[in-house]
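# requesting a structural model of the entry that follows:
(one chain, ligands or ions: 1)
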Amino acid sequence: MSSNINVTVVGGGIIGLACAWELAKDGASVIVVETGGSTYGTSLANAGWISPSHVIPFAAPGMVQTGFKNLVGRTGAFAITPGAGSLLAPWTLKFTRSCTDAHVDHCAPALKELLDTSMKVIEGLTETTDLTRTNLPQWYVYTSDNAEADAEHEVELVNRYGVNAKQVDLQSSLDSEPILKNSVKAIVEFSDDFGLDPGKLVEIYRRNCEAIGVGFRAEKVTGLSSTNRNVTVATATDSWISDYVVLAAGVWSRELAKTIGENLPIMPAKGQSVTLPEVIEKPTRTLMLADQRIATNPLDWGLRMSTGFALTSNTDMSINSSASDKLIATARQVLNLPERIEIKNELAGLRPASPDGMPYIGPLPKAPRVIAATGHGMLGLMMGPGTGKFVADMIAGRPVSRDIMKFSPARPRL
Ligand SMILES: Cc1cc2nc3c(=O)[nH]c(=O)nc-3n(C[C@H](O)[C@H](O)[C@H](O)COP(=O)(O)OP(=O)(O)OC[C@H]3O[C@@H](n4cnc5c(N)ncnc54)[C@H](O)[C@@H]3O)c2cc1C
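Residues are numbered from 1 along each chain as shown. I've put the predicted structure just below:
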């Protein structure tokens, strides 16, 4: 790519930074514009899971029933906040219609290619930087009366899509992870999945970007306007012309897309994380408390726990402290945690959720020089590195596979 090509990346979360780095490595002249107020909010608040096994889209058979079961059961993992807005009804309808085997068969190869590409980039980063990862395979632990059947079902489902997962011996597994209580009745191991510190990954991308000459502007993009040759980017005090814009503004991408007449149906799905430094005997791997819908990750500086998927209309990132207390109380059903716990790094995040469970990666139909890189929902951290690669391919004019084309925003959106 010629360095004469200049690209503005809107959004300095994991997706924007990954795109900026790949584009700059390709020779483009790149600036990242980041509001700064909630810098990297969601990209820092997440569980830090890197799960190449997640080839099944969020919109999959059984999800609607599970979602409603959770609403009724009030586990708090899946919820709709009052006044979720006018997008909620069409979004939910599209989501419900997408929960079919045919949709999963259509999406799984594309998600696999994106995840595999991300894995290669992350592998490279662990070799060339101070990024570290958990080394033991991830476990899903089940506690309900249906634990055995649920575990069997999970293994059967993901094996169908080539994911390495198997049930492991309960007693020896509990012995090897003393943090787990005897309430655990079945465990599924995902051999390729691991965890890392999301803050560290973001920091490394930012460092790599700076080292290669990516510029940063701390301001809010207020609008875009586009021709076939370039895009004008506007802020409150300035405007400039770029050859391309990468729209990587997370849940805020929808508002910006509207300024060029595009409807990107992204719903914010709010979640929350806490990190507990007092947990000395941390697990040695990432754990999913499957019946409690809590993801855990042993970071160097404490045990990270995340939960919640509340569809909302607003972009309020405030922290609900009683939700944090509830998260810890629920985790105690499965984990031996110290009686008194100091919470560190309580963070809320907004997942940019598309209704078909697939990210939008590619040119916007009405503004082909605006490349969408958003809508990654629950999987943005693990899909960010691959997204950066494919966005760079698209801008450089290198062909991408038919599967990657499935992420095109030109697909039916609602
Ligand atoms: C509780 C929780 C747990 C999660 N766990 C995982 C996990 O384990 N693994 C995983 O892969 N994913 C996980 N996710 C999802 C993941 O965090 C998101 O998919 C990812 O962070 C999305 O990244 P992003 O860069 O698209 O958005 P963001 O991180 O939201 O970044 C967008 C950036 O754009 C900026 N911005 C917005 N509007 C403008 C504007 N107009 N001008 C300039 N800048 C602007 C914002 O300030 C923000 O910094 C989790 C999410 C949550 C909430």
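# lowest mean pLDDT among the helices and strands, pick that one out for the chain.
Every helix and strand in the chain was compared by mean pLDDT, DSSP states H and E; the lowest is helix 63-73, with a mean of 55.
# which residues touch the residue of the stretch 1-150 of the chain found nearest the ligand?
With distances taken as C-beta to the nearest ligand atom, the stretch 1-150 of the chain approaches the ligand most closely at Gly13, which sits 2.2 Å away. All C-beta atoms are positioned from the backbone trio N, CA, C, and that covers glycine. Residues in contact with Gly13, defined by C-beta atoms under 8 Å, 6 or more residues apart in numbering, are 40-43, 202, 248, 250, 380.
# and the stretch 1-150 of the chain, which residues reach the ligand?
Within the stretch 1-150 of the chain, the residues that sit near the ligand (C-beta under 6 Å from any ligand atom) are 10-16, 33-35, 38-43, 45-49.
# now list the buried members of those residues.
Among those, those classed as buried by 16 or more other C-beta atoms under 10 Å are 10-16, 33-35, 38, 40-43, 45-49.
# average pLDDT for the host helix or strand of Glu127, rounded please.
According to DSSP states H and E, Glu127 maps onto helix 101-128. The average pLDDT for helix 101-128 rounds to 95.
# strands paired with whichever helix or strand comes after that helix, and their directions?
Beyond helix 101-128 in the direction of the C-terminus, DSSP H and E gives the next helix or strand as strand 138-142. Counting by DSSP bridges, the strands paired with strand 138-142 are strand 186-190 (antiparallel), strand 287-289 (parallel).
# so does the shortest one get close to the ligand?
No - for strand 287-289 and the ligand, the contact criterion (C-beta under 6 Å from any ligand atom) is not met; the two come no nearer than 9.9 Å.
# how far does that strand sit from its chain's centre?
Mean C-alpha position of strand 287-289 versus that of the full chain (C-alpha atoms, centre = their mean, to the nearest Å) differs by 17 Å.
# tell me the strands beside the helix or strand just after that strand, with direction?
Using DSSP H and E, the helix or strand that directly follows strand 287-289 along the chain is strand 294-299. Each strand paired with strand 294-299, and its direction, by DSSP bridges: strand 287-289 (antiparallel), strand 302-311 (antiparallel).
# how far out from the middle of the chain is strand 294-299?
The gap between where strand 294-299 is centred and where its chain is centred comes out at 15 Å by C-alpha atoms, centre = their mean.
# can you list contacts of that strand?
With contacts defined as C-beta under 8 Å, 6+ apart, strand 294-299 is touched by 47-49, 134, 195, 197, 275, 282-289, 303-307, 327, 330-331, 334-335.
# buried subset of these?
Buried by 16+ other C-beta under 10 Å: 47-49, 134, 195, 197, 275, 282-283, 285-289, 303-307, 327, 330-331, 334-335, out of those.
# dump the strands paired with strand 138-142 to JSON lines, plus mean pLDDT.
Formatted as JSON lines, these follow (pLDDT from 0 to 100):
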{"stretch": "strand 186-190", "mean pLDDT": "97"}
{"stretch": "strand 287-289", "mean pLDDT": "96"}
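# where do the strands sit along the stretch 201-350 of the chain?
In the stretch 201-350 of the chain, strands defined by DSSP state E, counting those that start in this stretch lie at 215-217, 221-226, 231-235, 239-242, 244-247, 267-276, 287-289, 294-299, 302-311, 344-353, listed in chain order.
# looking at those, which is buried most?
Neighbour counts (mean count of other C-beta atoms under 10 Å) averaged over each of these peak at strand 244-247, with a mean of 28.
# what mean pLDDT does it have?
Per-residue scores along strand 244-247 average to 98.
# list the pairing partners of that strand within its sheet, with orientation.
Note on strand 244-247: by DSSP bridges, its sheet partners are strand 6-10 (parallel), strand 367-374 (parallel).
# list the contacts of that strand.
With C-beta under 8 Å, 6+ apart as the criterion, strand 244-247 contacts 5-11, 16, 19-20, 23, 224, 226, 231, 233, 253, 256-257, 364, 369-374, 391, 395.
# do that strand and the ligand meet at all?
No - with C-beta under 6 Å from any ligand atom as the measure, strand 244-247 is seen stopping short of the ligand, the closest distance being 9.5 Å.
# 29 is where my numbering starts, stick with that
With the count now opening at 29, the last piece we talked about shows up as strand 272-275.
# report the distance from that strand to the chain centre.
From the chain centre to the centre of strand 272-275 is a distance of 20 Å (C-alpha atoms, centre = their mean).
# can you show me the CA trace of the strand or helix carrying Met410 as PDB?
According to DSSP H and E, Met410 maps onto helix 408-424. The C-alpha trace of helix 408-424 is given here as PDB (Å, rounded to 0.1, in the frame of the first residue of the first chain):
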ATOM      1  CA  GLY A 408     -14.400  -8.100  20.000                       C
ATOM      2  CA  LEU A 409     -11.200  -8.800  21.900                       C
ATOM      3  CA  MET A 410     -10.600 -12.100  20.300                       C
ATOM      4  CA  MET A 411     -11.700 -11.000  16.800                       C
ATOM      5  CA  GLY A 412      -9.900  -7.600  16.900                       C
ATOM      6  CA  PRO A 413      -6.500  -8.800  15.600                       C
ATOM      7  CA  GLY A 414      -8.000 -10.600  12.700                       C
ATOM      8  CA  THR A 415     -10.400  -7.700  11.900                       C
ATOM      9  CA  GLY A 416      -7.300  -5.500  11.600                       C
ATOM     10  CA  LYS A 417      -5.700  -7.800   9.100                       C
ATOM     11  CA  PHE A 418      -8.800  -8.000   6.900                       C
ATOM     12  CA  VAL A 419      -9.500  -4.300   7.000                       C
ATOM     13  CA  ALA A 420      -5.900  -3.700   5.800                       C
ATOM     14  CA  ASP A 421      -6.400  -6.300   3.000                       C
ATOM     15  CA  MET A 422      -9.600  -4.600   1.900                       C
ATOM     16  CA  ILE A 423      -8.100  -1.100   1.800                       C
ATOM     17  CA  ALA A 424      -5.000  -2.400   0.000                       C
END
